[in-house]
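> Mind looking at a prediction? Sequence and model below.
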Amino acid sequence: MFNKADTNTIQKLVVGLWNDDSECFAKLYQLTVDDTYNFCRLILSDDKKSRQAVTEIYSVVLKNIIKLKDPSLFIAWLRRIAFDVCYEKAIEDARMDLYSLLHPEELLSLSFLEREIFFLHDFVGLSEKEIANALHIRNKFVLEILASAREHMTKLRTLQRI
């Protein structure tokens, strides 16, 4: 988790990166890579795949940083990119049969946070506490979002049967 000083520094580095300052990218990477790697490692459960994911994530960041409209959103934006990259890698591995039971439209109909928590819990197999720690949120909030995601998917399946 980033403290207020880190958050302010990150925002300044993003602005520097917008101005093509390559040192800013190196500093931004240094400030955020450990948290990003730990998040990837939690999802992928493999050091090599996690390092590959981190490389891909920061490549996406570098290519798309100019599209980020507000530097204060960098941390959330980075986390979303990290989730998307890890999600794709986990699906490629098809480690569980659960994904074959789900329709992609059902998953895509969930909000990002619902999809992220549902995936981490039901596909990756993380506990509520592990998810809360990884996303820096309360356990109770994880349970609420997980329940909301499941309710949303149940409603979709009910509507599809009608």
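Great, that's in hand.
> Kindly provide the distance from Cys40 to Leu73.
Counting by CB to CB, to the nearest Å, the gap from Cys40 to Leu73 is 20 Å. Every C-beta, even on glycine, is put in place using the N, C-alpha and C of the backbone.
> what about the two, which has more around it?
Cys40 (25 against 13; other CB atoms under 10 Å).
> Looks like that one contacts Ala53 (just checking).
Yes - Cys40 is in contact with Ala53 according to CB atoms under 8 Å; the separation is 4.4 Å.
> overlap in contacts of those two?
Here Cys40 and Ala53 have 82, 85-86 as joint contacts, going by CB atoms under 8 Å, 6 or more residues apart in numbering.
> Can you give me the buried ones in the helix or strand harbouring Leu31?
Secondary structure assigned from DSSP states H and E places Leu31 in helix 22-44. For helix 22-44, the neighbour count (16 or more other CB atoms under 10 Å) marks 24-25, 27-28, 31-32, 35-37, 39-44 as buried.
> Next: stretch 74-87.
For stretch 74-87, by 16+ other CB under 10 Å, it's 74-75, 77-79, 81-83, 85-87.
> And the residue nearest the centre of the protein?
Among the residues of the chain, the one closest to the centroid is Phe83, at 2.7 Å (CA atoms, centre = their mean).
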